[in-house]
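> Sequence and computational prediction follow.
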Amino acid sequence: MEQNTGLTVALILVAIAVLMQAGAMLGIWLAIRKIPGQIESVRSDIKQRLDPQAQSGLEIVNNPREPLRTISANLAEISTILRDRTSNADQVAAELLDKTRLQIVREDRLVSELVEKLKPPRMLAKRASSAPSHKSLRWSRACVPTWSSCSRAAA
């Protein structure tokens, strides 16, 4: 009897395992039955979203002239704008250069006039002669360090 009990327990365990496998197989089968419906819904969603893009792509491929004309017109307009802006920048740079040169000439004149005004009258008369006198040499040596010392040396 002991063998029959062990055999019965083993048979019950095998039956339970077979029933569990059958339940798992039934669950897998039910899950697999739902997959085609889900795939169909995803396919219709993708088709619904991609059809307008595919149609516009076909229009561009079938009739490329209009988009190319638009693109070339836009490029021509952009190049015209860039050319105008470049010429304006060249004009501004030339104008700035002219004004800068005029300012430099004006400042040079002002500095030259100021230097002429700061020279003592004796220096102007002596400058015309070819040989400098000892007094003018003394004055020029005294003026070399600073202009403020010229007034003291001349006095």
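On my side now, so go ahead. Predicted model, so just to flag it, every value in this text is computed and none were measured.
> can you give me the mean pLDDT across stretch 27-38?
Per-region confidence: stretch 27-38 scores 93 on mean pLDDT.
> can you list the domain ranges for the protein.
With automatic domain parsing serving as the domain definition, the record reports that the chain contains domains spanning 14-63, 65-119.
> how about these in a markdown table, adding distance to Thr5?
No exception for glycine: its C-beta is placed from N, CA and C like everyone else's. Putting these into a markdown table (distance: least, CB to CB, whole Å) gives the following:
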| stretch | distance to Thr5 |
| --- | --- |
| domain 14-63 | 15 |
| domain 65-119 | 87 |
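> need those in a markdown table with mean neighbour count, can you?
Formatted as a markdown table, the domains of the chain follow (neighbours: other CB atoms under 10 Å):
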| stretch | mean neighbour count |
| --- | --- |
| domain 14-63 | 10 |
| domain 65-119 | 10 |
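> roughly how far apart are Lys34 and Pro67?
Using CB to CB, to the nearest Å, Lys34 is found at 45 Å from Pro67.
> now swap in Leu114 and tell me
According to CB to CB, Leu114 and Pro67 sit 69 Å apart.
> same question, Leu50
Using CB to CB, Leu50 is found at 20 Å from Pro67.
> same check, this time on Asp45
Distance, Asp45 to Pro67, by CB to CB: 29 Å.
> same deal with Ile81?
Taken as CB to CB, the spacing of Ile81 relative to Pro67 amounts to 21 Å.
> The residue positioned nearest the centre of the chain is in what secondary structure piece?
Per CA atoms, centre = their mean, the C-alpha nearest to the average position across the chain is that of Leu82, at 17.8 Å. Using DSSP states H and E, Leu82 maps to helix 65-118.
> avg pLDDT for that helix?
Mean per-residue pLDDT for helix 65-118: 90.
> host element of Gly23?
helix 2-62.
> what's the angle from that helix to helix 65-118?
Orientation note: helix 2-62 sits at an angle of 70 degrees relative to helix 65-118 (axes from the mean of the first three to the mean of the last three CA atoms, to 10 degrees).
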